[in-house]
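K.L.:
With the input below, show me the fold.
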Amino acid sequence: MTSSTLQNKAFLLLLILVTIAFGAILWQFHGAVFWGIILAILFAPLHRKLLRRMPKRRNMAALCTLGLCLVVVILPMSAITVSLIQEATVIYDRIRSGQLNFGLYLQQVIAALPEWAASLLDRLNLTTMGELQQKFSSVAVQASQFVATQALNIGQNTLQFVVSFGIMLYLLFFLLRDGSSLALRIGQATPLDEPHKRQLVSKFTTVIRATVKGNIVVAASQGALGGIIFWILGIQGPVLWGVLMAFLSLLPAVGAGLIWVPVAIYFLATGAVWQGVVLTAYGIFVIGLVDNVLRPILVGKDTKMPDYVVLISTLGGMSMFGLTGFVIGPVIAALFMACWDLFAPSHIDVTTS
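P.N.:
Residues are numbered from 1 along each chain as shown. All right, here's what the predicted structure looks like:
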């Protein structure tokens, strides 16, 4: 083994070790670093426009972009989070005290079913649904308890939250100011051909922008519309249910219907016909229309990934990484497909006779 080969291998080993160590140091604040990078990518076009207007004032351009990010994204999210915590705590207290009994609501729906539906349930041995009601109530209690526990944890870990928030803003400022030069250095250090690097970087940024902007716009629209109709119909906790609908709308082919459909069924089964009809029509033609119209335009058009790949990668990402997985999952899937697209033409020569 030559001396230069040994030195190269030693250097690569050192590079891998220090990279792993640096990643371990940052892992405690991985959420802040991740969202700082995501917000920098999303607001980079706006920052470039501001920079063209003030080319010799890079710090001011970055500060203006950071301020707009605070006003447009972070402050509204903070206000929604505070309202969500308050409503979740109230609903959990009502469930624990017995004022809200989801098992009883399910029993009322079963009792209001028409004779043919009751006979069908009887043939399926589902007329005595005590165990199902108990499980339904247990799931509701556990879900509300989880939300209340997370709210309590946020209150107890206020210092850590403030530190992470400060790190995210600090990192976002420097990524906006120095992002172009940093991306150039990373590109120069990446041992790939220039066309391959350009294609992977383009795919990476396109998927992030389409996934975050598209999914967040769809989720925010469906959650806001769902919360509004719940507030109009007098359902307690419209912010909580709106946030749940927004969260579920991140999953393609599942959507906010998991929240509003059971409520509409309960209204219809308990005699609140006009509320049930209004909620059903609103859910189909307003909430559902947002998903059918906006998602293909904002997500599918740019990512060019099949719906089933988006669904599976989103679920897998959220299972592994939590809420941030709705971005990480599709990005990994898109890079996987892009890498194989680059690999296949250069290694497989398909000829036809």
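
K.L.:
any idea of the mean pLDDT for stretch 36-43?
P.N.:
Across stretch 36-43, the average pLDDT comes to 85.

K.L.:
And stretch 313-324, by the same measure?
P.N.:
The average of the pLDDT scores along stretch 313-324 is 78.

K.L.:
who's in contact with that stretch?
P.N.:
Outside stretch 313-324, the residues within contact range by Cβ atoms under 8 Å, 6 or more residues apart in numbering are 31, 34-35, 250-252, 305, 325-330, 332-333. For the C-beta atoms, the positions are set from N, CA and C on the backbone; glycine is no exception.

K.L.:
from the middle of its chain, how far away would that stretch be?
P.N.:
In terms of Cα atoms, centre = their mean, to the nearest Å, the centre of stretch 313-324 is found 8 Å from the chain centre.

K.L.:
mind exporting that stretch as PDB, just the C-alpha atoms?
P.N.:
Extracted as PDB, the C-alpha positions of stretch 313-324 are listed here (Å, rounded to 0.1, in the frame of the first residue of the first chain):
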ATOM      1  CA  SER A 313     -43.100   8.000   2.500                       C
ATOM      2  CA  THR A 314     -45.100  10.500   4.500                       C
ATOM      3  CA  LEU A 315     -46.400   7.900   6.900                       C
ATOM      4  CA  GLY A 316     -43.000   6.300   7.300                       C
ATOM      5  CA  GLY A 317     -41.300   9.600   7.800                       C
ATOM      6  CA  MET A 318     -43.700  10.700  10.500                       C
ATOM      7  CA  SER A 319     -43.400   7.300  12.200                       C
ATOM      8  CA  MET A 320     -39.600   7.700  12.400                       C
ATOM      9  CA  PHE A 321     -39.100  11.400  12.800                       C
ATOM     10  CA  GLY A 322     -42.400  12.700  14.200                       C
ATOM     11  CA  LEU A 323     -44.100  15.800  12.700                       C
ATOM     12  CA  THR A 324     -41.000  16.800  10.700                       C
END
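
K.L.:
Now do the buried residues in that stretch.
P.N.:
By 16 or more other Cβ atoms under 10 Å, the buried positions in stretch 313-324 come out as 313, 314, 315, 316, 317, 318, 321, 324.

K.L.:
Please flag which of these sit within strands.
P.N.:
If you go by DSSP state E, the buried residues of stretch 313-324 have nothing in strands.

K.L.:
picking that back up, now the two most distant members of the contacts of stretch 313-324.
P.N.:
Using Cβ to Cβ, the contacts of stretch 313-324 span at most 24.9 Å, a distance reached by 31 and 305.

K.L.:
And the two? Which one has more around it.
P.N.:
Higher neighbour count among residue 31 and residue 305: residue 305, with 19 against 16, using other Cβ atoms under 10 Å.

K.L.:
Contacts for the helix or strand hosting residue 334, please.
P.N.:
Assigned by DSSP states H and E, residue 334 belongs to helix 325-347. Outside helix 325-347, the residues that touch it by Cβ under 8 Å, 6+ apart are 34, 38, 196, 199-200, 203-204, 207-208, 211-212, 215, 250, 303, 305, 309-310, 312-321.
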